[in-house]
Every structure is written in structure tokens, then in C-alpha cells.
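Asks: Mind looking at a prediction? Sequence and model below.
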Amino acid sequence: QQQVKQSPQSLIVQKGGIPIINCAYENTAFDYFPWYQQFPGKGPALLIAIRPDVSEKKEGRFTISFNKSAKQFSLHIMDSQPGDSATYFCAASGHGGFKTIFGAGTRLFVKA
Amino acid sequence: NAGVTQTPKFQVLKTGQSMTLQCAQDMNHNSMYWYRQDPGMGLRLIYYSASEGTTDKGEVPNGYNVSRLNKREFSLRLESAAPSQTSVYFCASTKYRDRVREQYFGPGTRLTVT
């Protein structure tokens, strides 16, 4: 199965809250799990990525949690800010890396 | 460095018309991709080119053709546009560095087929 299932479709949080976006995959051949951030009218840009040999990765206010046995991973945004309002995509790719499969996206709105 | 550039930014076509979307990258990346983005569907891969001289179908190739003109340029052609091809099209290239695979996306082309 090549799908990556992402939830929720949309999310509204107050400034300072911790939005959490979840993704699940089926294909155990995937070995690289990036998150992309997209602002309106722009192309997506790489935010943070993780490999299955670690369970957590932090970069600034962004954290990926990875559960290999459950085939799930999630993005947490600490102390969220209005400037974090964007669409977030999880993704997965396998050996060779030529194809990346994207989730359906989550539209995040952070209220001031 | 301009990164990944796409032309045009916007296009309106009538059903049955043809057009070519142009993409170029100046980062010396080997791999290039064409995606379409539709509401609630994420990014779906149309075609990709792992290296100059090769192209392969992605998830949704029907109705499209591609040409990898050289290492920098990768074009997407719609031979006979259909309303179902109304979408935002993104070109991307991939950088492989250490254990990171980073896709760099262009600004997109908004295509409407009437």
C-alpha cells in the first residue's frame, strides 16, 4: 500500500497552543518521513524530517514523534504562532527515494 | 540561485486545447518531478525523472506527457486539456545530501480548463 493517511483535515488553535497532526502509513519499505509546510500561493517547503531509527526529532518549535511498530508519526508545534498558519503535509519515501508519497494535508489556523 | 522556476503562473484553457508547462532548476539536481495539487487530495505525482534522459509515470499520468530536455529543464504537456485537469501544478527537484532527501518546489502554475 502506497498511501499515507493524514488527519485532521483542518485545525484551529489559540496562539501558544500545541497543534498535533497525525499520519499513518502501510508500506514498511518507507524509510524517510518528511513534513512540508505550504503558505497560500507558494510551493511546499521542507520543514523537518525523520528516519525510523529514531523515535523523536526536534527542530526549534517543531517536533516529530515516530512510532515504528504502529506505523504512525506525528508533528507537534510548540508555542504555536499566527505565522505558523499554513497547510502541512506529511510524506514518506523509500529506498532510492525517487517517489515521495504525500498525505492529503492539514490546514492549520493559529488564532492571535 | 533562482531555485525552481515555473512558467506560466496562471493559464486558462478551453477543453481540447494543448499547452506545455515549463520548469527549470539551477541547483544541479538529478531528479525532477511534476505534481498536481487538488483540494483534499494532497500532492499527487504525475511523472518524474530520476536523471537526465529518463522519465517514469507517477500516480496520475493519464492525459499528460513529459520531456526531460536536459539536466535543468523538465516540461509537462497536456495534449488535449479536460476540465478534470483543472488544478495547481508544481514542479520539484530533489537534493540528496547525507541522509536528507529534500524536495524543492517551484511556485506553481494555476491551470483552469473550461
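Replies: Right, received. Where do you want to start?
Asks: partners of the worst-scoring helix or strand of chain B on mean pLDDT, with directions?
Replies: In chain B, the helix or strand scored least confidently by mean pLDDT, DSSP states H and E is strand B:100-105, which has a mean of 88. According to DSSP bridges, strand B:100-105 forms sheet pairs with strand B:87-97 (antiparallel).
Asks: Tell me which residues are up against the strand it pairs with.
Replies: By CB atoms under 8 Å, 6 or more residues apart in numbering or on different chains, the list of residues contacting strand B:87-97 from outside reads A:43-44, A:97-98, B:4, B:6, B:21, B:23, B:25, B:27, B:29-38, B:43, B:46, B:74, B:76, B:101-106, B:108-111. Where C-beta positions appear, they are placed from N, C-alpha and C, glycine not excepted.
Asks: buried sites along the least confident helix or strand of chain B?
Replies: Within strand B:100-105, the residues that count as buried by 16 or more other CB atoms under 10 Å in any protein chain shown are B:101-105.
Asks: and that strand, how far out from the chain's middle?
Replies: The chain centroid and the centroid of strand B:100-105 are separated by 15 Å under CA atoms, centre = their mean, to the nearest Å.
Asks: Packing partners of the helix or strand that comes right after that strand?
Replies: Per DSSP states H and E, the first helix or strand lying C-terminal to strand B:100-105 is strand B:109-113. Secondary-structure packing of strand B:109-113 (3 or more CB pairs under 8 Å, 6 or more residues apart in numbering or on different chains; DSSP states H and E): strand B:10-13, strand B:87-97.
Asks: These: lowest mean pLDDT?
Replies: Mean pLDDT across the helices and strands packed on strand B:109-113 is lowest at strand B:87-97; the value there is a mean of 92.
Asks: Compute the inter-axis angle for it and strand B:109-113.
Replies: 150 degrees (axes from the mean of the first three to the mean of the last three CA atoms, to 10 degrees).
Asks: got the buried residues for strand B:87-97?
Replies: B:87-95.
Asks: wait, which of these is closest to chain A?
Replies: Distance to chain A, by CB to the nearest CB, is smallest for B:F90 among the buried residues of strand B:87-97, at 5.4 Å.
Asks: For residue 21, list the residues it contacts.
Replies: Defaulting to chain A. Contacts of A:I21 by CB under 8 Å, 6+ apart are A:6-8, A:11, A:74-75, A:88, A:90, A:106, A:108.
Asks: that answer is for a different chain, and I need it for chain B
Replies: So B:L21 contacts B:6-8, B:11, B:34, B:75-78, B:89, B:91, B:109, B:111 (CB under 8 Å, 6+ apart).
Asks: From those residues, list just the buried residues.
Replies: Buried among the contacts of B:L21 by 16+ other CB under 10 Å: B:6, B:11, B:34, B:75-76, B:78, B:89, B:91, B:109, B:111.
Asks: nearest residue to the residue of chain B found nearest chain A other than its sequence neighbours?
Replies: Here the residue of chain B nearest chain A is B:F105; by CB to the nearest CB that distance is 3.1 Å. Residue nearest to B:F105 in three dimensions, not counting chain neighbours: A:G43, with 3.1 Å by CB to CB, 6 or more residues apart in numbering or on different chains.
Asks: okay, which residue is most central for chain B?
Replies: In chain B, the centroid-proximal residue (CA atoms, centre = their mean) is B:W34; its distance is 2.6 Å.
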